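1. generate coordinates for the sequence data below:
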Amino acid sequence: MKTRTLSALQPQPLFNYFEDICQVPRPSKKEEQIRKFLLDFADKNGLQNKTDKAGNVVILKPATSGMEDAPTVILQTHMDMVCEKNSDKVFDFDKDPIEPVIVDGWVKANGTTLGADCGIGIAAQLAVLTSTEIKHGPLECLITVDEETGLTGAFALEKGTLSGDILLNLDSEDEGEIFIGCAGGIDTLAWFDYHTEDVPENSVALKITVSGLLGGHSGDDINKNRGNANKILNRFLWKFSNDFNAQLADFNGGNLRNAIAREAFGIVTVPTESKKEVINAFEKLAAEIKTEFEFSETKLQLVCEETDLPKTVIDSDTQTKLLNAIYACPHGVLEMSTRMEGMVETSTNLASVKIISAHKILVTTSQRSELESRKHFAANSVEAVFKLAAAKVVHSDGYPGWAPNPNSAVLKTTVDSYKKLFGDEPVVRSIHAGLECGLFLEKYPHLDMVSFGPTIRGAHSPDERLDIGATEKFWKHLVDVLENIK
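-> Residues are numbered from 1 along each chain as shown. Here you go, the predicted structure:
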């Protein structure tokens, strides 16, 4: 039997359930195995359960003795996780279990994302569902599908699936902070059609690699001056194209729409006689970029090395349009909020640049804002950049934000509970990341909602880690809130 890594951590059984969840593959849109795990758990524990057409799971638990008249509370999480790994890590997210390790008071994974977002929330649901000690009213535990790549489960949730009036979203990542609002979001995709050209004679090929960046969540981390691998790589490619007649053969950067690009590489051909001059130019620009990020990206690696000549290169016209568009495309914070001090209002993320077939290049971006109008303004700004470069541009349907309600009754309960337990005033604010709460409100406008969770850092990257001490506080807080909702 495999030795358990988290069995000595407190609180139990929360961490044991989380380790169980780590053993079950659960990429977005491939939730079959985790869904079966959840339904088997419910059946094993004699809990009523159901699955809707989208694959969302609801597990019900009756009120404990004396709490029958308390309102029904919905505990809500999502079952999928962001699947990112270091480039040197051999790992199959469709088959392999996450390998949790304990490092200096944190739980992290060995070379991959940990999936604490939102695995620790699911673990909390399971621990509540099996507890014989926690007092609570009727519970509905909702675990949605595909939150990370499309909010598919929340979009598809049907009216009448839930009966509760109060919803506790357990998908936040800052212990001591209670969230009462979130940004809405939309994706903007740009396609470039290109044709190939022969590699110029008397050429050498150079591969430029950007790695070692922190990456992170495109909502939570967008204001932290973290490098975007696509933007950094493009600076080299644009300069080489303009100064040395470099021909672009490949551009591959970033992966997920909701993650800041951590790694990217590009391949160009340059005239053989210009090789030394190009490398000197690379070293000069690399030194400048490292200085720009010397405090925020201490592990940034920039490498230029000779590689095999490609068979073809991208046509010069498309290359020029692509590199100019990526250079001009905004990335990062666009506006700070005037409604909630210190909060990002509007942002955009240049998520990925990929050659997806022999003649198509796809650029994926995502925009977020607490204001619906500013969300569309940001998306249209990105669209305009790529249309100027003759790209085909489409937008996703997007998802709504969640407007804050500072007079919420469950907010008062949650704040009072935190002050009683820990003697501190929690921070009450909105979050720039997207939560499913806005979509729930469209179908259940009566819901009174808050969101809280343990401290998670580096979400959506292999640096993702879960604060053990903060998790214990989160658990105590959740239990007390459930016991005091009357």
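
2. just for the chain, where's the confidence low?
-> By pLDDT under 70, the weakly predicted segments of the chain are 1-2.

3. from the recorded domain assignment, give the ranges for it.
-> 14-183+401-484, 186-395 (automatic domain parsing).

4. for the biggest strand by length in the chain, buried residues please.
-> Assignment by DSSP state E gives strand 344-357 as the longest strand of the chain. For strand 344-357, a neighbour-count test (16 or more other CB atoms under 10 Å) marks 344-355 as buried. For the C-beta atoms, the positions are set from N, CA and C on the backbone; glycine is no exception.

5. go on, stretch 89-96?
-> Neighbour counts over stretch 89-96 (16+ other CB under 10 Å) mark 91, 93 as buried.

6. and it, how far from the chain's centre?
-> Mean C-alpha position of stretch 89-96 versus that of the full chain (CA atoms, centre = their mean, to the nearest Å) differs by 19 Å.

7. now do the end-to-end distance for that stretch.
-> Terminal residues of stretch 89-96 lie 12 Å apart, using CA to CA, to the nearest Å.

8. can you give the contact residues for that stretch?
-> Contacts to stretch 89-96, defined as CB atoms under 8 Å, 6 or more residues apart in numbering, come from residues 25, 27, 30, 83, 85, 110-112, 462.

9. kindly report the same for stretch 238-246.
-> By CB under 8 Å, 6+ apart, stretch 238-246 touches 206, 237, 247-248, 268-271, 274, 277-278, 281-282, 285, 319-320, 323-324, 326-327.

10. so Leu142 versus Ile74, what's the distance?
-> 6 Å (CB to CB, to the nearest Å).

11. higher neighbour count, these two?
-> Comparing Leu142 with Ile74 by other CB atoms under 10 Å, the one with more neighbours is Leu142, at 25 against 22.

12. what packs against the one helix or strand that one maps to?
-> Using DSSP states H and E, Leu142 sits within strand 139-144. With contacts taken as 3 or more CB pairs under 8 Å, 6 or more residues apart in numbering; DSSP states H and E, strand 139-144 sits against strand 57-61, strand 73-78, helix 116-130.

13. would a markdown table of those with distance to Ile34 be doable?
-> Putting those into a markdown table (distance: least, CB to CB, whole Å) gives the following:
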| stretch | distance to Ile34 |
| --- | --- |
| strand 57-61 | 9 |
| strand 73-78 | 10 |
| helix 116-130 | 8 |
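
14. out of the ones you listed, nearest to Asn407?
-> Evaluated over the helices and strands packed on strand 139-144, closeness to Asn407 peaks at strand 73-78, with 19.0 Å, by CB to CB.

15. picking up where we left off before, now the domains of the chain as TSV including distance to Leu6?
-> Formatted as TSV, these follow (distance: least, CB to CB, whole Å):
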stretch	distance to Leu6
domain 14-183+401-484	4
domain 186-395	23
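
16. give me the distance between Val481 and Ser87.
-> 42 Å.

17. between those two, who's got more neighbours?
-> Neighbour count, other CB under 10 Å: between Val481 and Ser87, Val481 has more, with 23 against 11.

18. and after the longest strand of the chain, which helix or strand comes next?
-> Following strand 344-357 in sequence, per DSSP H and E, is strand 360-369.

19. alpha carbons of whichever helix or strand comes after that following strand, as CSV, please.
-> Downstream of strand 360-369, the next assigned helix or strand under DSSP H and E is helix 372-388. Only the C-alpha atoms of helix 372-388 are listed here, as CSV (Å, rounded to 0.1, in the frame of the first residue of the first chain):
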residue,chain,number,x,y,z
GLU,A,372,-19.6,44.4,-17.8
SER,A,373,-19.0,47.4,-20.1
ARG,A,374,-15.3,47.6,-19.3
LYS,A,375,-15.0,43.8,-19.9
HIS,A,376,-16.3,44.3,-23.4
PHE,A,377,-14.2,47.5,-23.9
ALA,A,378,-11.0,45.5,-23.1
ALA,A,379,-12.0,42.6,-25.4
ASN,A,380,-12.8,45.0,-28.2
SER,A,381,-9.4,46.7,-27.7
VAL,A,382,-7.6,43.4,-28.1
GLU,A,383,-9.8,42.6,-31.1
ALA,A,384,-8.9,45.9,-32.8
VAL,A,385,-5.2,45.2,-32.4
PHE,A,386,-5.5,41.8,-34.2
LYS,A,387,-7.9,43.1,-36.8
LEU,A,388,-5.4,45.7,-37.8
